[in-house]
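**Q** Take a look and give me a structure for this.
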Amino acid sequence: MNVLIISGIVIFTLAILYVLAVMPRTVYNRRSKEMANTLFAHRGLHNNDTIAPENSMKAFEKAVEAGFGIECDVQLTKDHIPVIFHDFSLKRICAKEGKISDYTYDELKNFSLCRSEEHIPRLNDLLQLVRGRVPLLIELKIEFMDLKLCEQVDKLMRDYNGIYYIESFNPLALFWYRKNHNDVLRGQLSDGFHRESIGKAVICFLVENLFLNGITKPDFIAYNHRYAKNINRRMCRKLFRNTAVAWTIKSEEELERASKEFDVFIFDSFRPQKNKKGA
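**A** Next comes the predicted model:
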C-alpha cells in the first residue's frame, strides 16, 4: 500500500512539474488574442528574383500597401546597430564572405540584396516606413548568449507607437523581455529540429517541446505548421488558450489546413486571396 501511495505522489508531482514547465503566460491572453487571424508577410511581400527581395524596404512597402502585417529578422552589426537580415552569413543574399556581425552598418549598407538595387535596411528604417499602419512581428536573431540585441531593439521600440510583437528561437531573448520589459508581447519560435550534436540535442528538445515556457512565459507560440501535432504545442493552445502562430504558409491549401490548428499565419511564396485582418 505504501508503495502505491508513494508511486501516486511521484506521478502526481511529475505531472504538476510537466504542466508548469509547458505553461505559457496566461495573464495577457486577451491582448495576444488581438493577433488572431492576422496574416504576416514573411520577410515582407518579397520575391528574390524581383526588385523586392526578402527583408528589403521594397518588400516592406509592398506589404504595407497590401495591408499585411510584416514579419522580419533583426540582428546586430559590428557597431551594434539593429539591421534587418535573416541569415547570419552574407553569402546567400549578398554574395559576400563573413557574417552581419563582422561588418559595421556603413559597410553593410553598400551590399546589394539578391543583385537588386535594394540594400540592407536598419530596423529604424522599417519603423519610419510603417509608422504603425500594419503590425510588426520582429524575430530576434541571437547566436549563443549575447543579448545586446534585446537591449538595442528595446531602445528603438520604446519610442514606436505602432503594434509590434517580439519572437525568437532563443529562449534567453524571451527571458530578457520577461525581466526587462514584461508588457511587450513575446513569442517562442519552434520547429521539429534536426539535432546535430548532444549539446544541441538538449536545447533543441527543450525548445521543440516548449519545456522552457515556465521560465520564459511566452504570449504566443510560433511553430512550423508541418509539426502542428506536437502535443505540447496543442496543449498550450487548447488548455492555456495561448495564441498559436503558424510559419511558413506557402499556399492557399496550406493556409486552409493550418487554420484548424493556428490563429495567426506567416506566409510567403503566394499572396493570400484575402487578408484575414487589415486588407
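**Q** List phi and psi for H119.
**A** Main-chain dihedrals, H119, degrees, to the nearest 10: phi -130, psi 170.
**Q** show me the contacts for it.
**A** 56, 108-113 (CB atoms under 8 Å, 6 or more residues apart in numbering). Heads up, the C-betas are built off the backbone N, CA and C, glycines and all.
**Q** can you list the residues you listed in JSON lines and add neighbour count, secondary structure and distance to F40?
**A** Shown next, in JSON lines, are the contacts of H119 (neighbours: other CB atoms under 10 Å; DSSP: H, G, I helix; E, B strand; the rest coil; distance: CB to CB, whole Å):
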{"residue": "S56", "neighbour count": "26", "secondary structure": "coil", "distance to F40": "16"}
{"residue": "L108", "neighbour count": "23", "secondary structure": "helix", "distance to F40": "25"}
{"residue": "K109", "neighbour count": "16", "secondary structure": "coil", "distance to F40": "26"}
{"residue": "N110", "neighbour count": "10", "secondary structure": "coil", "distance to F40": "29"}
{"residue": "F111", "neighbour count": "16", "secondary structure": "coil", "distance to F40": "25"}
{"residue": "S112", "neighbour count": "15", "secondary structure": "strand", "distance to F40": "25"}
{"residue": "L113", "neighbour count": "23", "secondary structure": "coil", "distance to F40": "20"}
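**Q** and I215, how far is that from V134?
**A** Taking CB to CB, to the nearest Å as the measure, I215 falls 31 Å from V134.
**Q** ok, those two, which is more surrounded?
**A** Set I215 next to V134 and count neighbours by other CB atoms under 10 Å: V134 wins out with 24 against 14.
**Q** Hmm, the more buried one is touching F68, no?
**A** Yes. At 6.5 Å, V134 counts as touching F68 under the criterion of CB atoms under 8 Å.
**Q** What residues are bridge-paired with the closest residue in space to M157 that isn't next to it in sequence?
**A** Closest residue to M157 apart from its sequence neighbours, by CB to CB, 6 or more residues apart in numbering: Y164 at 6.1 Å. On DSSP bridges, the residues paired with Y164 through beta bridges are L136.
**Q** Provide the contact partners of stretch 142-151 at residue level.
**A** Stretch 142-151 has contacts (CB under 8 Å, 6+ apart) with 74-76, 80, 82, 88, 140-141, 168, 170, 172-173, 176-177, 180.
**Q** I'd like to know which of those residues are buried.
**A** Neighbour counting by 16 or more other CB atoms under 10 Å classes 74-76, 82, 140-141, 168, 170, 172-173, 176-177 among the contacts of stretch 142-151 as buried.
**Q** for stretch 28-38, what is the average pLDDT?
**A** Across stretch 28-38, pLDDT averages out at 82.
**Q** can you confirm W247 is in a strand?
**A** Yes. Assessed by DSSP: H, G, I helix; E, B strand; the rest coil, W247 belongs to a strand.
**Q** how many neighbours does it have?
**A** 25.
**Q** ok, it touching H225?
**A** Yes. The criterion here is CB under 8 Å, and W247 meets it with H225 at 6.7 Å.
**Q** which neighbours do those two share?
**A** Common neighbours of W247 and H225 (CB under 8 Å, 6+ apart) do not exist.
**Q** Distance of the closest residue to S56 other than its chain neighbours relative to M35?
**A** Of all residues not flanking S56 in the chain, E118 sits nearest, at 3.8 Å (CB to CB, 6+ apart). E118 sits 28 Å away from M35, going by CB to CB.
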